[in-house]
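Colleague: Need the 3D shape of this:
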Amino acid sequence: MFQRIKRLIAIVGVAGFMGVFLQFSYPTAEVNEPVINSKKQLPPFISSQSSWYDSVFKTLSLEEKIGQMLMVAAYPEQGEADKKRVASLIKNQKVGGVIFFQGTPQQVHELAKYYQSISDIPLLMAIDGEWGLRMRLKNSIKYPKQMTLGAITSDMLIYQMGQDIAQQLKHLGIHINFAPVVDINNNPENPVINARSFGEERVNVARKGLLYAKGMQDEGVLAFAKHFPGHGDTKTDSHYGLPIINYSFSRLDSLELYPFRALINAGVGGVMMAHMHIPALDSTKNLPSTLSPKIADSLLQKHLGFKGLVVTDAMFMKGVSDYYTPVEANLKAVQAGNNILLMPHEVPQSIAEIVNSAKSDSTLIHNINRSCEKVLKAKAWVMNRRQASEEFSNDSLFRPSYVYNRNRLVEAAVTVLKNENDLLPLRSLDTLKIASLAIGNSPTKEYVNSLGLYAKVDRFQLKDYTDSSEIKILGEKLSDYNLVVFSMHSNSLNAKKKFGFYRSELKVIDSLLTDIPSILVGFSNPYALSWLPNLDKHKAILTVYENSDEAQLYAVQAIFGAIGATGRLPVTINSNYPVGHGIPIRSLDRLKYVTPFEAGFDERKLRVIDSIVNDAIKEKAMPGCQILAAKDGKVFLNCAFGYHTYRKKKEVKTSDLYDLASITKVAATVPSLIQLEQQKKIDINKTLSEYIPYLDTCAKGDIVLADVLLHQAGLAAWIPFYWATIEPVYPSHDLISTKYSKTYPIQVGKRAYANKHLKYKENYFSTEPDSVFSYQIANGMYMNKMFEDSIWYKIAATDLGEKGDYRYSDLGFYLFYKIIEQQSNSQLEDFTDSVFYSRLGAYTLGYRPLERFSKNEIIPTENDIVFRRQIVHGYVHDPGAAMLGGVSGHAGLFSNANDLAKLMQMYLNGGKYGGNYYLSRKLIKKYTDCPSCKDGNRRGLGFDKPQPDTTLPGPAFKGISTKSYGHTGFTGTMTWADPSTGILYIFLSNRVYPDALNFKLVKMDVRTKIQEAIYDAAL
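Modeller: Predicted structure coming up:
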């Protein structure tokens, strides 16, 4: 019969019919707001016609018609016993629908198919999914609660959410979502609605509810407005008692009924009744509105003209069951005019009692017939649309577009309540010493990690300080900062328990408020802010309404200017922060962290990167790595793989620091030169001798700076300065041999093997620092600073090659190190940090990382068994840079991928980042162009460029734009920016651990393969 019914389904128009109404008259409220459609639309299934429903209706007995009105609960997690219970009700009592609770989407999908297969008449499948499937089922997307949505000013986002949720429901075979809640939450102490409401302003509630409902119904899922006639102003939870609403009809009509009228006029498919006692509408003692004909029938269906499905709230709730037995309640619900009884108990007994009562009650028979007809019409309508997929797919519930749209909702809800002196978004990061203090629940990793994406933030949790003496210590610690970010974290919806905050915690916030500027962020119900007596002492206040990972990420991004904020309060906190209040702030265009879909990339195609990396790690091309990719300033990949070393004791984190090696050239030297050129302190068309006078006595003095940057000055590739500091133990032996042997077993280069019997020359190194041995080059190893002079001498004395020929060389960048320090009148590490890194918020980017970070946060490089005779860890790998104290123009920088990305994004932005200007767009273009391409030199000024001849190996993948630029590093690093696509790519590894001659990373093309995979994944 089921197959026959499905074949009969067809949707055509039908006229509504008039029922028998109890005589009860209501005045008509004025309807003049645009949200209410003056031209009433019928629910979609009512305005259609089907020969099927009429033919089925005629075949049903009275008992079967009553069965069609019953929707029973299914609990997939309870296993086979619950499955049998529900199956029995379907087979024996012919119930018309099932509502799902507790379980996984896959369980629901399988059970929905099974229950449909055993039912003679198609079932209506439902869920109570106000914030999506996740409200009831595991392993699904959790959408924001409705109070969060109430803060959003974009209509389209709410409508899109409705569509997305409906598509997910349909995949499982669900036809009805008992949402939206359109109760107006004008009582902050409401124990049951509260954050489930769009807010306290009736037009906002109506508009958001209408958009949510329309989105679902446009996708073929019936929406139900609830809880009629309005559950927003109660202090009792109807799950545990019967709320009493003592307001006049005039008040109810103008406020509580307003959203219902809007949705009814717009054609909402159903309305759910509330279990409340409302004397102004029905004074019968202890009679819930669900069981009142005056409310469920006369008010809703006659006065308001609702033609759709009327469903009770759950019939086992105390608001009903405290006063009526299940059988009595079920009978009265049908008598009241409800079309569907939700989760009724004692089903067989109730059907028998209703049948018995109907023998002498024509009105009851009419109600049953009317209800059954509506249910069948609804079934015809939903079954005519796309049904559940035959095979369950978890990917269908987590489509990238769904996650993106959910995230847009969270982002759009961020609400700034106060912004004294335009503190937000934070601008001058170099002037700030920031602490964060979390109150309530522990913040998630998302919040903790997100803060670190933008600035160095020291983090504290109030729960770690338990008594007054410890809190005093905490206050003393916070006094060392000039900005404190207080964050209130709670998942509680319980108003009586102050939404999860202890009174003592709230007092501590006030006690810690000093003259130090502070930001307060509410990751909780916004009403919780009203309990802070000194709320206005904070310089800035944000609320994001929830404590989810997404809320925490977007709050941080708003604070630091990666996104703007446009949210408006859906409820009143106090007189200073009324409903509708919200201060818009603009983005500063700092890096935003997004899903691949938002940036325009296919997440599935990006998974090939995992294979490339894992294969490289397996082949020991590197122990681990960091990868970052961004497009147009949106970071869609920021991930870490593997371990610090092959011993696999410490996993790589995205916050860990790598030795950047030659990326230093474009991350320190080049931006410094551009900055000094802007200041007219350097002209790259002049010669070296004009900036380093002692070079005027040698040929190198005539070299033009631009030729050095282009690697066409004829300079040698490099000089192994450290060989001058060591000697053979046996004077008759050579230091290096071209052949491997027992005496020369240590390969240090191509056809170069070091003597294993080596020693340091006297007076070059010390194990302790002093005024002479002041350059630390490794752990417990300090070099005589006088050796620096010999480095400059050797560079000056080295023979020059043919000028104009391309030969990559570090030596010129040693000289740029001296030039920059002389022209800027400061140390290179200080100049780059003050002009760039600190202002960018790139606090890991810099020289000599052990002065700021522990070894646990720094990735080791080579086991240097010749020169430093230890694993180089926290000190620059390049020996020449190490012998200059760890600072040079060719090497020395350390960073994580995220902070390097800020500098690279600044280049892509034409010299601007985070609201600040750093470099001239014109000069950036000059340095990143290819001025000697016509002469066969692909290089930019300091930057590397793609290989124009695709038959030759190059630094980037072969399909990349010739406008792109970047650099690689000997330690296994790469950074590349592409202005033609807006794509930024960074790869950091320690491929030199433990052996610098391990070139598998290069031979396997790991860096360029990953880069190509990123481009291939573009949508």
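
Colleague: Show me the protein divided up by domain.
Modeller: Domain ranges of the chain: 2-10+44-55+62-395, 414-590, per automatic domain parsing.

Colleague: Kindly check the end-to-end length of the shortest one for me.
Modeller: So the one you mean is domain 414-590. Using Cα to Cα, to the nearest Å, the end-to-end distance of domain 414-590 comes to 17 Å.

Colleague: Offset the numbering so it begins at 53, please.
Modeller: With 53 as the first residue, the last one maps to domain 466-642.

Colleague: Could you tell me which other helices and strands the longest helix along the chain packs against?
Modeller: When the chain is parsed with DSSP state H, its longest helix is helix 414-435. Other helices and strands packing on helix 414-435, by 3 or more Cβ pairs under 8 Å, 6 or more residues apart in numbering; DSSP states H and E, are helix 103-111, helix 114-120, strand 176-179, strand 274-280, strand 361-363, helix 378-388, helix 399-410. Backbone N, C-alpha and C define where each C-beta goes, glycine included.

Colleague: Out of those, the one nearest residue 623 is which?
Modeller: strand 274-280 (18.0 Å; Cβ to Cβ).

Colleague: what is the mean pLDDT for the closest one?
Modeller: For strand 274-280, the mean per-residue pLDDT is 97.

Colleague: What residues of the helix or strand following that strand count as buried?
Modeller: Counting by DSSP states H and E, the element after strand 274-280 in chain order, helix or strand, is helix 301-306. Of the residues in helix 301-306, 301, 304, 305 count as buried by neighbour count, 16 or more other Cβ atoms under 10 Å.

Colleague: same question, stretch 1027-1043
Modeller: In stretch 1027-1043, counting by 16+ other Cβ under 10 Å, buried: 1027-1031, 1033-1043.

Colleague: Quick one: mean pLDDT for that stretch?
Modeller: 99.

Colleague: which residues are in contact with stretch 722-742?
Modeller: Applying Cβ atoms under 8 Å, 6 or more residues apart in numbering, the contact partners of stretch 722-742 are 743, 747-748, 752-758, 760-761, 867-868, 871-872, 875-876, 880, 883-884, 887-888, 955, 970-972, 975-976, 979, 993-995.

Colleague: And that stretch, end to end?
Modeller: Rule used - Cα to Cα; the end-to-end distance of stretch 722-742 is 19 Å.

Colleague: gap between that stretch and the chain center?
Modeller: Put simply, stretch 722-742 sits 42 Å off its chain's centre (Cα atoms, centre = their mean, to the nearest Å).

Colleague: now stretch 768-785
Modeller: Distance of stretch 768-785 from the chain centroid (Cα atoms, centre = their mean) equals 53 Å.

Colleague: May I have stretch 223-234 as CSV, with CA atoms only?
Modeller: Extracted C-alpha coordinates of stretch 223-234, given in CSV (Å, rounded to 0.1, in the frame of the first residue of the first chain):
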residue,chain,number,x,y,z
HIS,A,223,18.7,13.9,3.9
LEU,A,224,17.5,12.1,7.0
GLY,A,225,13.9,11.8,5.8
ILE,A,226,12.6,14.4,8.2
HIS,A,227,9.6,16.5,7.0
ILE,A,228,8.9,18.8,10.0
ASN,A,229,11.1,21.0,12.2
PHE,A,230,9.3,22.3,15.3
ALA,A,231,10.9,25.7,14.8
PRO,A,232,11.1,28.7,14.9
VAL,A,233,10.5,29.8,18.4
VAL,A,234,8.6,33.2,18.1
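
Colleague: And it, how far out from the chain middle?
Modeller: 26 Å.

Colleague: Then stretch 751-763?
Modeller: The answer for stretch 751-763 is 47 Å, by Cα atoms, centre = their mean.

Colleague: give me every residue that touches residue 128.
Modeller: Applying Cβ under 8 Å, 6+ apart, the residues contacting residue 128 are 134, 135, 152, 154, 155, 156, 159, 160, 163.

Colleague: Now do the contacts for the residue nearest the centre of the chain.
Modeller: Per Cα atoms, centre = their mean, the C-alpha nearest to the average position across the chain is that of residue 602, at 4.7 Å. Counting by Cβ under 8 Å, 6+ apart, residue 602 touches 458, 459, 462, 498.

Colleague: For residue 245, state which of the residues you listed is nearest.
Modeller: residue 462 (21.1 Å).

Colleague: What is the neighbour count of the closest one?
Modeller: 24 (other Cβ atoms under 10 Å).

Colleague: Can you tell me the element the residue nearest to it when sequence neighbours are not counted falls in?
Modeller: Leaving aside its chain neighbours, residue 462 sits nearest to residue 602 (4.3 Å; criterion: Cβ to Cβ, 6 or more residues apart in numbering). Element membership of residue 602 [criterion: DSSP H and E] is helix 601-611.

Colleague: Please identify the next secondary structure element, helix or strand, after that helix.
Modeller: Immediately after helix 601-611, counting by DSSP H and E, sits strand 644-645.

Colleague: quick one: buried residues of whichever helix or strand comes after that following strand?
Modeller: Once strand 644-645 ends, the next helix or strand along the chain (criterion: DSSP H and E) is helix 648-651. Buried positions in helix 648-651, judged by neighbour count with 16+ other Cβ under 10 Å: 648, 649, 650, 651.

Colleague: out of the domains of the chain, deepest packed?
Modeller: Of all the domains of the chain, domain 54-62+96-107+114-447 carries the top mean neighbour count, a mean of 21, counting by mean count of other Cβ atoms under 10 Å.

Colleague: before we move on, back to that, can you lay out the buried residues of helix 648-651 as TSV showing distance to residue 659 and pLDDT?
Modeller: Putting the buried residues of helix 648-651 into TSV (distance: Cβ to Cβ, whole Å; pLDDT from 0 to 100) gives the following:
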residue	distance to residue 659	pLDDT
648	10	98
649	14	98
650	17	98
651	16	98
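
Colleague: Could you dump the residues you listed into CSV with distance to residue 214 added?
Modeller: Putting these into CSV (distance: Cβ to Cβ, whole Å) gives the following:
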residue, distance to residue 214
648, 24
649, 19
650, 20
651, 25
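
Colleague: Residue 578: which of those residues is nearest?
Modeller: Minimum distance to residue 578 across the buried residues of helix 648-651 is 26.5 Å, recorded for residue 650 (Cβ to Cβ).

Colleague: For that closest one, which non-adjacent residue is closest in space?
Modeller: Residue 650 sits nearest to residue 456 (Cβ to Cβ, 6+ apart), 5.0 Å away.

Colleague: what about that neighbour, is that helix, strand or coil?
Modeller: Of the three states, residue 456 takes helix under DSSP: H, G, I helix; E, B strand; the rest coil.

Colleague: That one is in contact with residue 647, isn't it?
Modeller: Yes - the pair residue 456 / residue 647 is scored as a contact, 5.7 Å apart, by Cβ atoms under 8 Å.
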